[in-house]
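Enquirer: what's the 3D shape of this:
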Amino acid sequence: MTTNHQPTKEKIFTSYQVFIVAILAILQFSIVLDFMVLSPLGAFLIRDWRIHPSQFGLVVSAYAWSAGISGLLSAGFADRFDRKKFLLFFYVGFLTGTVLCAFAPNYQFLLFARIVTGIFGGVIGSISFAIISDLFKWEVRGRVMGFVQMAFAASQVLGLPIGLLLADRFGWHSPFWMIAGVGVAVGMVIILYMKPVKDHLKIRSDQRHPFHHLIKTVSRPQYLRAFMAMTLLATGGFMLMPFGSTFSNLNLGIQLSQLWILYGITGGFTIIFSPMIGKLSDRIGKYPIFIFGSIISSVIVLIYTHLGITPLWIIAMLSVLLFVGITSRMITSSALMTAVPEPQDRGAFMSINASVQQIAGGVASWIAGLIVVQSNNGPLQHYDILGYVVIGTMCITVVMMYFLNNYVKQKTSKTFTPAIQEHVQLVTE
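Expert: The predicted structure follows:
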């Protein structure tokens, strides 16, 4: 008697890879939350310390500047160590900076604390992306990025509403204590359960000195094109985000006590859509989804930055659409970037890539603080100008990512290195 059994569907991820995706997503949650929580807290800080929007923009950009410099300085060393140890070193420093933020008694100390946090926190994302590049094949990296980028939304759904409620009840320092507590738990899990990631050390070729490795990485034409594209990608977010809560409060008429509802709704839908976007990017293609996200983002930015007093439900709907567009751009561009560097250059490439984004973001935040003005505690002015600039950068990045996508398509058509494939098998045993 014969039976026609359907072949067992091959698992996309091993159990260890699922763990890696989960821990990197949670790690990103704490990093993104630390950065994003400052945006809604801006309304509290501007009110309590009576600082100008330009001063608050400097606090945001200080993180970006220090992260950018740190990324450049660490790039030469990024491929010379076990990525797990490299990750833990910077994560401990990040948590230290977060605790300093929680202690900040005044504007000057908070500025210093954000610099410390940026020095360490700005490198962690690049290390995570290097680990993803080492452990996951190109065909599934869209899915991986979709789950990891869920941290961006989770920081809104879980972190930002809780952070805003804590700030409203216990003061603006309390969200940083929450982040530090979550971070310590995540760090312990990484120490106990994550395996070393050091197969890239076997294929290191001509690295004689960290500075030599840095120069070699930044001098490759295909890498430079990628860095330029990501520089423009960072500009838009850093321009609109720092004043998002203040604009919602003063211009759109959203009460400070209602901000957590807005962020919660937006983040909830983003969590739902992120894995779907990642899966579609693997099936349809990263670049087509990037174009889709760019079109949606541009249209919503144009509408949003010209709004006046608006009902909460309309603002929530527009915010959901905006973040779907932004998330589509983030997931696809991040996945494309993982395929650009050679295995022996991944750590350095990702560090420099994160660095140029942070520096560009720092410049963008500083410029945004100069453009946006507020008189006599009234609504923010010239926010629409920021919208035009952001739309312009989105249009340019669509063109730049076209050429980058063509390079990646040619590169990924070749077989991946045996050393990396061997590592994927090793960590699952």
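
Enquirer: just how off-centre is stretch 79-96 within its chain?
Expert: Offset of stretch 79-96 from its chain centre (CA atoms, centre = their mean, to the nearest Å): 17 Å.

Enquirer: Go through it and flag the buried ones.
Expert: For stretch 79-96, the neighbour count (16 or more other CB atoms under 10 Å) marks 79, 81, 83-84, 86-91, 93-96 as buried. C-betas here are computed from N, CA, C, even on glycine.

Enquirer: Please narrow those residues to those residing in strands.
Expert: With strands defined by DSSP state E, no entry of the buried residues of stretch 79-96 lies inside them.

Enquirer: just so I have it, where are all the strands in the stretch 251-400 of the chain?
Expert: Secondary structure of the stretch 251-400 of the chain, counting by DSSP state E, counting those that start in this stretch: strands at 373-374, 380-381.

Enquirer: in the stretch 301-429 of the chain, which ranges drop under the pLDDT threshold?
Expert: Along the stretch 301-429 of the chain, the model assigns pLDDT under 70 to residues 374-377, 414-429.

Enquirer: can you do 50?
Expert: The model of the stretch 301-429 of the chain has pLDDT under 50 over residues 415-429.

Enquirer: Could you report the separation of residue 138 from residue 132?
Expert: 11 Å (CB to CB, to the nearest Å).

Enquirer: The two - which one has more neighbours?
Expert: Summary of the neighbour comparison: residue 138 and residue 132, criterion other CB atoms under 10 Å, with residue 132 having more neighbours (22 against 18).

Enquirer: Surely that one touches residue 142?
Expert: No - counting by CB atoms under 8 Å, residue 132 stays clear of residue 142, with 11.1 Å between them.

Enquirer: Spell out which helix or strand contains the residue nearest the centre of the chain, please.
Expert: Closest to where the C-alpha atoms of the chain average out (CA atoms, centre = their mean) is residue 32, at 6.3 Å. Element membership of residue 32, judged by DSSP states H and E, is helix 15-36.

Enquirer: Determine the set of other helices and strands touching that helix.
Expert: helix 83-103, helix 107-135, helix 141-148, helix 150-154, helix 160-170, helix 174-193, helix 418-428 (3 or more CB pairs under 8 Å, 6 or more residues apart in numbering; DSSP states H and E).

Enquirer: Just the buried positions in that helix, please.
Expert: Residues of helix 15-36 classed as buried by neighbour count (16+ other CB under 10 Å): 16-17, 19-21, 23-36.

Enquirer: same deal with stretch 297-309?
Expert: In stretch 297-309, counting by 16+ other CB under 10 Å, buried: 297-298, 300-301, 304-305, 307.
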